[in-house]
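Q: Got a predicted structure here, sequence first:
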Amino acid sequence: MSTNLYSLIGLAAGVAFILALKGLSHPKTARRGNLIGAAGATVATLSVFLYVNPIHHLLPVLGALAIGLIVGVPAARKVEMTQMPQLVALFNGVGGGAAALVAIVEYLHLGAEATTAEVIFTVFTVIVGCVSFSGSIITFLKLQELMTTRPVVFPGGRFVIAGTLVAVLGTSVWVVSALGTTPLLVLAALSLIFGVLFVLPVGGADVPIVISLLNAFTGLTVAASGYVLSSTLLIIAGTLVGASGTILTRLMAEAMGRSLFGTLFGAFTAKPQEASGSAEERPVRSGSADDVAILLNYARRVVIVPGFGLAVAQAQHTVRELADLMISKGIDVAYGIHPVAGRMPGHMNVLLAEANVPYDQLAEMDEVNPTFGQTDVAIVIGANDVVNPAAQTTPGCPIYGMPILEVNHASNIIFLKRSMRPGFAGIENELLYDPKTMLLFGDAKASLTKVVSALKAL
């Protein structure tokens, strides 16, 4: 294959990535966008085999591709929607780690022939790639609840983080000036440590923002490694991921009502929270499926607020059935979608799209909040932090300042919960004890199925 043809194929793949991002901007075109992006990546990969002749170490390369297919395809096909954020975090971390390894290998290959610019880009790739890898592992552990979802802080933590960052920068200068394997490996190790320290202070409710930020980091490492490898395609792909990830991170931080710095390091300045009474000491109003059905039957407007509990119970099809039933009775139904509901951006949109919920029934937070005052019933299914009034009333709490879905303004509130356990941010929701709140305990899918049956009988 000629160099010109290879460049044209790379340009076509880059266009495919741009079209993929455009498609992913809307639920109706997201699937097509995903397929276009996958096709572009496939063509870009195959073109390397046709352009490079001969390919050194062909068997290890094919073996690595086979391992990736064996692991990646079943993981992507079988993963449940509740575990999708964890999968995204792992894939993102692997991407950053791979870019760092490629940069290290290319650095060792170039040796003394490496230009200053190539060394600088290598250093950048190693730092950001290693931070993305180790940081993504911590986000995975938090999402999987293999470690505490609360911010992890320790005395002098901010100084340890700052000291590690200074060590990383100092080692970077060492690598550029000394040109050796040892300083580069020390830099990689320090960057891995900094990635862990970087994410530990982040609370569970803010993890989606960090995933987006680390995704942007991975894009930047890919772009930088593209410069080292003289690959225009990698530069295009990495720049697209870095730019889109940065924009998404900023938008999510705004949706959470805080600065990015506050998201990452706010735990060091947060005020300790007073312990509140346990659930056993405070009365709540619980009800049955029949009680909920009667309330819904006489409602004129109902807003459904989906959360992570809906994904855990795989109740999206049942909630669609309930919504269709209410609409057939002349009830105005809408879904209130918080920008960071679930465990990652767009989690609820994808979940409801699986059940073919009409997109025009989905209402963003700014659109639905003014209507809660005219809403007869708000049904909260497995959401907690995104409707918690503490975000507006309790300074110092982990979610203070985060815009919420103001279901507290609805005439009646129905909470579907398994237990009185707090949400992912680990704080209690005073709305559960509000006299106009009715709790329906149990698995969300089973509870909604009973509500549907009861409502049909009325």
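A: Sure, I can see it. Numbers count the residues shown, from 1 in each chain.
Q: going forward, measure contacts between C-alpha atoms and count neighbours the same way
A: Will do.
Q: Please enumerate the helices of the stretch 151-300 of the chain.
A: Using DSSP state H, counting those that start in this stretch, the helices of the stretch 151-300 of the chain run over 157-178, 181-199, 207-228, 232-255, 260-265, 289-297.
Q: who wins for proximity to T394 among those helices?
A: helix 260-265 (16.3 Å; Cα to Cα).
Q: which stretch in the helices of the stretch 151-300 of the chain has the least confidence?
A: Lowest mean pLDDT within those: helix 260-265, at a mean of 66.
Q: re earlier: got the helices of the stretch 151-300 of the chain as TSV, with mean neighbour count columns?
A: Shown next, in TSV, are these (neighbours: other Cα atoms under 10 Å):
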stretch	mean neighbour count
helix 157-178	16
helix 181-199	21
helix 207-228	28
helix 232-255	20
helix 260-265	18
helix 289-297	18
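Q: Using CSV, lay out these together with distance to A353.
A: Below are these laid out as CSV (distance: least, Cα to Cα, whole Å):
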stretch, distance to A353
helix 157-178, 41
helix 181-199, 31
helix 207-228, 20
helix 232-255, 21
helix 260-265, 30
helix 289-297, 24
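Q: Please work out which helix or strand belonging to the protein has the smallest mean pLDDT.
A: helix 260-265 (a mean of 66; mean pLDDT, DSSP states H and E).
Q: helices and strands around the host helix or strand of A16, which ones?
A: Applying DSSP states H and E as the criterion places A16 in helix 3-24. If you count contacts as 3 or more Cα pairs under 8 Å, 6 or more residues apart in numbering; DSSP states H and E, helix 3-24 packs onto helix 27-51, helix 232-255.
Q: let's see it at 6 Å
A: Judged by 3 or more Cα pairs under 6 Å, 6 or more residues apart in numbering; DSSP states H and E, the packing partners of helix 3-24 are helix 27-51.
Q: Show me what counts as buried in the helix it packs on.
A: Buried residues in helix 27-51, counted by 16 or more other Cα atoms under 10 Å: 30, 33-34, 36-41, 43-44, 47.
Q: Low-confidence ranges, the stretch 301-450 of the chain, go.
A: Across the stretch 301-450 of the chain, the ranges flagged by pLDDT under 70 are 343-345, 423-426.
Q: Let me know the secondary structure of A311.
A: Per DSSP: H, G, I helix; E, B strand; the rest coil, the secondary structure class of A311 is helix.
Q: And for it, the neighbour number?
A: When counting by other Cα atoms under 10 Å, one arrives at 23 neighbours for A311.
Q: do the same with M420
A: Around M420 there are 15 residues (other Cα under 10 Å).
Q: what residues are up against it?
A: By Cα atoms under 6 Å, 6 or more residues apart in numbering, the contact set of M420 is empty.
Q: Looks to me like it is in a helix.
A: No. Read with three-state DSSP, M420 is coil and lies in no helix.
Q: who wins for proximity to L8 among the helices of the stretch 151-300 of the chain?
A: helix 232-255 (10.1 Å).
Q: Quick check: which helices or strands does that closest one pack against?
A: Packing partners of helix 232-255 (3+ Cα pairs under 6 Å, 6+ apart): helix 207-228.
Q: can you list contacts of the helix it packs on?
A: Contacts for helix 207-228 (Cα under 6 Å, 6+ apart): 92, 96, 99, 103, 118, 121, 125, 129, 132, 234-235, 238-239, 241-242, 245-246, 249, 344.
Q: Please find the angle between the direction vectors of it and helix 181-199.
A: Between helix 207-228 and helix 181-199, the angle comes out at 160 degrees (axes from the mean of the first three to the mean of the last three Cα atoms, to 10 degrees).
Q: Pull helix 207-228 out as CSV, backbone CA atoms only.
A: Once non-C-alpha atoms are left out, helix 207-228 reads as follows in CSV (Å, rounded to 0.1, in the frame of the first residue of the first chain):
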residue,chain,number,x,y,z
VAL,A,207,-17.2,9.6,40.3
PRO,A,208,-19.0,10.2,36.9
ILE,A,209,-17.2,13.5,36.6
VAL,A,210,-13.9,11.9,37.2
ILE,A,211,-14.6,9.1,34.7
SER,A,212,-15.2,11.8,32.1
LEU,A,213,-12.1,13.7,33.1
LEU,A,214,-9.9,10.6,32.9
ASN,A,215,-11.4,9.8,29.5
ALA,A,216,-10.2,13.2,28.4
PHE,A,217,-6.8,12.4,29.8
THR,A,218,-6.7,9.1,27.8
GLY,A,219,-7.5,11.1,24.6
LEU,A,220,-4.6,13.4,25.3
THR,A,221,-2.2,10.5,25.8
VAL,A,222,-3.3,9.0,22.5
ALA,A,223,-2.8,12.3,20.7
ALA,A,224,0.6,12.7,22.2
SER,A,225,1.6,9.2,21.3
GLY,A,226,0.4,9.9,17.8
TYR,A,227,3.1,12.6,17.6
VAL,A,228,5.8,10.2,18.9
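Q: Specify the angle between that helix and helix 232-255 in degrees.
A: Using the same axes, to 10 degrees: helix 207-228 against helix 232-255 is 160 degrees.
Q: Please state the offset of helix 207-228 from the chain centre?
A: In terms of Cα atoms, centre = their mean, to the nearest Å, the centre of helix 207-228 is found 14 Å from the chain centre.
Q: again, but for stretch 228-236
A: Taking mean C-alpha positions (Cα atoms, centre = their mean), stretch 228-236 and its chain are 27 Å apart.
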